[in-house]
Each structure stands twice: as C-alpha cells, then as structure tokens.
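Participant: build me a model from this:
(chains A and B)
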Amino acid sequence: MVLVAPRPPLGPAPRGTAAPHRGSGRDVLALLRGDTVARPRFDPGLAGGLRAWLEDAAYGIVSARGDHAPAVFLGPRQVLGSDEGRPDGEGFSDALVLSRLVHALFRHLVGREDVGDPLADALHALRACGDDDVVQHVDALPASARQALSDTMALHARHLGDLVPRFAPGWMPRTDDRVAIPLAGGRVVLHGTFDLLVGLPQPGTASLCALGLTASGPWARERRSLHFLALLETLRSGAPPFRLALLESATGRYGVEDVREEHLRAIASHLSAWLSRGALDHG
Amino acid sequence: MADRLTDLLVAPVSPVDAASWHAALADATAMLARLAVRRAGAGPFRVTDHEVRAVLRVDGADRVAPSPFAWSARTARRALGLAAVRLLVAGGARSPVEAVRARLDESARWVREGNPCASRLDRWVTGLPPAGRAAVGAEAVTWATRLWCAVDWAALGPAPAVAIGRDRWWDSPHSALLALRGRAEVRTGRANLVVLSGPRRDSVRAELALVTLVESLRGRGGDAPGRVVGWWPDSGRLVRVEPEPAVLTLGAEAVALVLSDAGAALRPAA
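Facilitator: Residues are numbered from 1 along each chain as shown, chains lettered A, B, ... in the order given. I've put the predicted structure just below:
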C-alpha cells in the first residue's frame, strides 16, 4: 500500500512573517512509524537476485570498456539524470548552492538544534565540513544576491522547521549515510547518500525508514532517487528500508510511501538497461 | 550485518602451526631490523595503513601530494565516534546521539577548565560556532551509529574485554626512527575489527596484515594474535585475514615497500 500525504504547494511566505505552525513534522513521524507490527518481510533471496541481475549488466559494460579501464562510479545524477549538485561551467549553479545550504540546515534540524539565521547557520555548518568552496562562493556574492539568498533560505528553513520530525534518540537518526555497492569486482560502483536514515537494522526484516530532502524537485525524479537508494540498501544489508519519505523544502510538500518489490525491480531494470546502453556505447 | 560481523569477531581463530608461525615471525623481525629510515626532519617515520594503501595503489590516485591535515567534520568523526561507541558500550549513554553530545560537552568542559586532557580536536571543535559544532556532531553520530548497529555488543563479552579505538604502535628496537601503527576500531581477544573506507582495492590484505604484524611484534611469547576483520560500512562487505605465517611476510614486505617508496634508505643491519 502506498501512503501519500500530499500538501498543496505553498507560496513564498512574506518576509518577516512567521509561517503558521502546521505540525507536519508530527504527521510525517506518524506516517513513518505506521503499524509497527506489520513491518514487511522481504524474500531473503531478493537481494541476491537483484545483485545477480546487476552484476550481469555491469560485466557487460566492463567487458566493453576493457579490463584496465578505471572504475565507473554511478550515482543518481548519472543514472537518473539529476542536475542537482552539478556545478555549471562557470562554477556553482544557484541550484547547487541552495541545495548544499538547505541540506546543511536539514542536518542541523535533525540534530534538534535551534536555527538562528538560516543562511549563517548553514554556512557555519558547511565551513566545519570543509565545504569551503561553497562558502567562498556565497561570501563573494554581491549584497543584493546574498540578501535574496538569505530570504530564500529563511523560506526553506520555515518549511523545514515544520516538516522535519523531532526524532527521539532511540530512533537512531543519522544523516548523510553513504552507500556504495561494488559490482563486477569493483569496476562498477553504484553509490548514493541517504539524507536521513532512522531505525535499527534487523536481520530478515525491513526495519529502516529513509528520508530524502529536495530543495526544489522535480518530485518524480527525487522519488526515483529514493528508490535507487532503497535498492542500494537492499544490496548492502539484504533488506530495503520499509518506508520512504520525501520532503520538499521549497514548498513544504511531503510524501510517504512503503517500499515494495516492484519499486526495487523497476529501478534495477532501469539500471540494467542503463548499463547495457553504456556497454553498447563503448562496444 | 550484525550477525555476520559478530560471528567473525567471536569465532575461534583457526589453529596455526606453531613452528611455522615462529619462523615467519623471526623472518619478519629480521627483515624489519634490516630496514633503516633516513629522512629529512625529526621524528620517527610512522608506517600506517594509509601509507601501505598509498604505495600499493596501481592507479596512483593516492600518490598526489597530500594536502596538509586540517580538522573538519570528516576528519573528526572517527575520534568522536569512537569515544561515543566507547561510552555506549560502557552503558554511559543510550544512543549515539546522546553519546556524541556527551563527548562534545566533555570537550567544551575540558577546554573551559584548561584540563590537560584537552586535545587539539577538543580545542578546534569547542571553538566552532554552534552550527558548526552541530555539523561535526552530526557527522560523528552517523559514523558511530553505523558501528554501533553493526555489532551485537553483548555477544562480545563484558565491556572490559572489548577495547574500542585503541591504535597500537610498535617502535623498532633497531631504528629509533621507525614506528608501525596497527589501527583497529574494536579489539576482542579473538579479533580486531577495522572500519574501512574508500573503494575495494587489492591492497586491503596488506593494510590488514600490518595490524597482524604489529600485534605479533608486540605480543609476548610470539603467539599468533586474533584475526583481523575489515568492514566497509558503505557496502557491508567484509574481508578477513587469519593469522597465518604468510600474513606476517605480507605485512613486513609492505613496510619495506613503503620505506623504499618514501625515499628511505635500505641498509644492511650493522
């Protein structure tokens, strides 16, 4: 069953006006928690079957490229066509800068920290993470552009403040959990990063929830990115997250859905086809 | 994952032929004694898993001049995360979030009170603005949670029997300039767990052999140490290195290769 809780897109909040408390974080939390006794059990052979499928496709591209070609690293940007996070020809795109700032703010909120000045807090966080290039880019902006960015960040912060659940420490919330799955002896690596994972891994049971954050969508592509990550988690631990949530900070929209085998098979099929096309391109 | 990893940490170590083992240890010790380090600058040459990985890389990716070390959320996460897991195992915190927070609070207290325990890391993290400190904490929470959830800690035995985050060093008695580091995040009597990062690589067995070598050189009586288990949290992959004579040779040869690659001179023992 797919659980969806769409929220009508919200317009930009006027400057200086506090958005009304909508309590969406609690809604998201309730949807993530769901029925704890009905956590799905996935076929123990599912992960092995998916891996075998992808290994076949990966060996195709490796044989086409040659044994001594360097490893290919494939993330959502490559296999799903996401532009977010890609620098443009002249440096950082506005979308990339905003995405990095919003993600930094998101981690801040997951840690149950208070937000003062959203832009300043995000920049402090990025600086501590060694992400100096983005910080320098923002620092070099003209005053008007920086003010516009600050206003945009304030809007995203308001939405995130409403959307991000307050997780009890026992939920084991962890941000930026990287997954990297080597195929074909490590010559093809599928990788991605969960913005947020919660829950304790349990053998044989899908017991994790994954939350994805997007600053501006598009929604369909970001949802497929989450399916891609769910597939990688299946290959890593033998079971996918049982539920996914996607938060959109620009609008305050969110959606929650159960992970089903069809999602995993669909994204594996896409990947297999993508790798086969790559093999043909190099053939 | 917890089952597979824990099983490797508690399973009995395969028996080793004592005569072969002692002969290999004697050979490795002799090989290390023939190595001397001649470097510009003071201080010992420390051979760590990083140097082994760099020298054995075939694509030269690690051979670019390293940038100077700087503290960041990424470079601080292991130290903070290990302190957090140590606190969790000891029962001093109930979750990684609480444990990391406690460690950061401790840093702030030590710095404020001028406690000599305060390290450079403590001073760096305490000097950050709150949002920067929170980012460092978030990175450490993720690191600690992955390790905390990957092992069935109760199965490892009582807390005092488990050492967390204690790197071990072997200082060459033949050259005051040579020191070897065996890095392991978790040590039980039977095994050493090494948390790995980066891609799969051919050098990983040599990296883990260095741990076996250091344990063996430090050990009294020359008995074989526990197995070494390498674990990639990113992929869930495991690699294990049993204490076999060939592993000692592999480790010693890796050290020799590092020293020769670093420009250190090899000379016969005096």
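Participant: what are the boundaries of the helices in the chain?
Facilitator: Picking chain A for this. A:24-33, A:46-65, A:76-80, A:94-110, A:118-128, A:132-139, A:143-163, A:219-237, A:261-282 (DSSP state H).
Participant: meant chain B actually
Facilitator: Under DSSP H, chain B gives helices at B:2-10, B:18-33, B:49-56, B:73-89, B:96-113, B:120-126, B:130-150, B:204-218, B:245-261.
Participant: tell me the pLDDT at the nearest residue to residue B:209 once chain neighbours are set aside?
Facilitator: In this structure, residue B:209 finds its nearest non-sequential neighbour in residue B:251, 3.7 Å apart by C-beta to C-beta, 6 or more residues apart in numbering or on different chains. (Glycine included, C-beta is placed from N, CA and C.) If you check residue B:251, the pLDDT there is 96.
Participant: pretty sure residue B:251 contacts residue B:27?
Facilitator: No - assessed by C-beta atoms under 8 Å, residue B:251 is found out of contact with residue B:27, at 11.4 Å.
Participant: which one of those two has more residues nearby?
Facilitator: Neighbours per residue, other C-beta atoms under 10 Å in any protein chain shown: of residue B:251 and residue B:27, the larger number sits with residue B:251, 31 against 14.
Participant: from chain A, how far out is that one?
Facilitator: To chain A, residue B:251 is 23 Å away according to C-beta to the nearest C-beta, to the nearest Å.
Participant: mind listing what that residue touches?
Facilitator: B:28, B:206, B:209, B:210, B:212, B:213 (C-beta atoms under 8 Å, 6 or more residues apart in numbering or on different chains).
Participant: which of these has the most neighbours?
Facilitator: Highest count within those by other C-beta under 10 Å belongs to residue B:210, 30 neighbours.
Participant: quick check: pLDDT value at it.
Facilitator: 97.
Participant: go on, residue A:216?
Facilitator: 81.
Participant: circling back to that earlier point, and the helices of chain A, which is most packed in?
Facilitator: The highest mean neighbour count among the helices of chain A, using mean count of other C-beta atoms under 10 Å in any protein chain shown, belongs to helix A:118-128: a mean of 24.
Participant: pull that helix out as CSV, backbone CA atoms only.
Facilitator: Presented in CSV, the C-alpha positions along helix A:118-128 are these (Å, rounded to 0.1, in the frame of the first residue of the first chain):
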residue,chain,number,x,y,z
PRO,A,118,19.4,30.1,8.5
LEU,A,119,22.0,31.3,5.9
ALA,A,120,24.6,32.0,8.6
ASP,A,121,24.0,28.6,10.3
ALA,A,122,24.2,26.7,7.1
LEU,A,123,27.4,28.5,6.2
HIS,A,124,28.9,27.7,9.6
ALA,A,125,28.0,24.0,9.1
LEU,A,126,29.5,23.9,5.6
ARG,A,127,32.7,25.5,6.8
ALA,A,128,33.0,23.0,9.6
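Participant: for that helix, what is the average pLDDT?
Facilitator: 97.
Participant: before we move on, what about stretch B:118-125?
Facilitator: Mean pLDDT, stretch B:118-125: 96.
Participant: what's it in contact with?
Facilitator: Here stretch B:118-125 makes contact (C-beta under 8 Å, 6+ apart) with B:71, B:76, B:79, B:80, B:104, B:107, B:110, B:111, B:133, B:136.
Participant: once you drop chain neighbours, what's closest to the fourth one?
Facilitator: Spelled out, it's residue B:80. residue B:140 (3.7 Å).
Participant: pretty sure that neighbour sits against residue B:75.
Facilitator: No - if you go by C-beta under 8 Å, residue B:140 and residue B:75 don't touch, sitting 11.0 Å apart.
Participant: so where's chain B uncertain?
Facilitator: For chain B, applying pLDDT under 70 flags the ranges B:1-2, B:36-44, B:58-66, B:160, B:262-270.
Participant: pick out the residue nearest the middle of it.
Facilitator: residue B:183 (1.5 Å; C-alpha atoms, centre = their mean).
Participant: measure that residue to chain A for me?
Facilitator: For residue B:183 relative to chain A (C-beta to the nearest C-beta), the value is 20 Å.
Participant: grab the nearest non-local neighbour of that residue.
Facilitator: In space, residue B:183 is closest to residue B:167, 5.0 Å off (C-beta to C-beta, 6+ apart).
Participant: chain B contacts on the stretch 151-283 of chain A?
Facilitator: Residues of the stretch 151-283 of chain A lying close to chain B by C-beta under 8 Å from any C-beta of the partner chain are A:169-170, A:172-182, A:185-186, A:189, A:191, A:200-201, A:203, A:236-238.
Participant: how about the residues of chain B by chain A?
Facilitator: When proximity is defined by C-beta under 8 Å from any C-beta, chain B lies next to chain A at B:1-3, B:59, B:70, B:72-75, B:94-98, B:128-139, B:141-142, B:145-146, B:148-149, B:199-201, B:232, B:234-237.
Participant: of those, buried ones?
Facilitator: B:1-2, B:72-73, B:95-98, B:128-129, B:131-139, B:141-142, B:145-146, B:148-149, B:199-201, B:232, B:234-237 (16 or more other C-beta atoms under 10 Å in any protein chain shown).
Participant: circling back to that earlier point, from the contacts of residue B:251, which is closest to chain A?
Facilitator: Of all the contacts of residue B:251, residue B:206 has the smallest distance to chain A: 16.3 Å, by C-beta to the nearest C-beta.
Participant: what's the closest non-adjacent residue to the closest one?
Facilitator: Nearest to residue B:206 is residue B:254, by C-beta to C-beta, 6+ apart, at 4.2 Å.
Participant: OK, contacts around the one you found?
Facilitator: B:52, B:55, B:56, B:206, B:207, B:209, B:210 are the contacts of residue B:254 under C-beta under 8 Å, 6+ apart.
Participant: how about the third one: what's its closest non-neighbour residue?
Facilitator: It refers to residue B:56. Nearest to residue B:56 is residue B:203, by C-beta to C-beta, 6+ apart, at 3.6 Å.
Participant: isn't residue B:95 right up against residue A:167?
Facilitator: No - Residue B:95 is beyond contact range of residue A:167, at 10.1 Å (criterion: C-beta under 8 Å).
Participant: okay, residue A:82: pLDDT?
Facilitator: 58.
Participant: which of the residues of the stretch 151-283 of chain A next to chain B are buried?
Facilitator: Applying 16+ other C-beta under 10 Å to those flags A:169, A:172-177, A:179-182, A:189, A:191, A:201, A:236-238 as buried.
Participant: before we move on, back to that, most widely separated two among the contacts of residue B:251?
Facilitator: Spatial extent of the contacts of residue B:251 (C-beta to C-beta) is set by the pair B:28 and B:206 at 13.2 Å.
Participant: correct me, but residue A:105 touches residue A:157?
Facilitator: Yes - between residue A:105 and residue A:157 a contact is recorded at 5.9 Å, counting by C-beta under 8 Å.
Participant: what touches both of the two?
Facilitator: Shared contacts of residue A:105 and residue A:157, defined by C-beta under 8 Å, 6+ apart, comprise A:115, A:118.
Participant: where does pLDDT dip in chain A?
Facilitator: For chain A (pLDDT under 70), the answer is A:1-24, A:35-39, A:82-90, A:279-283.
Participant: contacting residues for residue B:16?
Facilitator: B:224, B:243, B:244, B:245.
Participant: surely the second one is in contact with residue B:211?
Facilitator: Same thing as residue B:243. No - using C-beta under 8 Å, residue B:243 is not in contact with residue B:211; the gap is 10.1 Å.
Participant: more neighbours: those two, which one.
Facilitator: Legend: neighbour count by other C-beta under 10 Å for residue B:243 and residue B:211, higher for residue B:211 (30 against 21).
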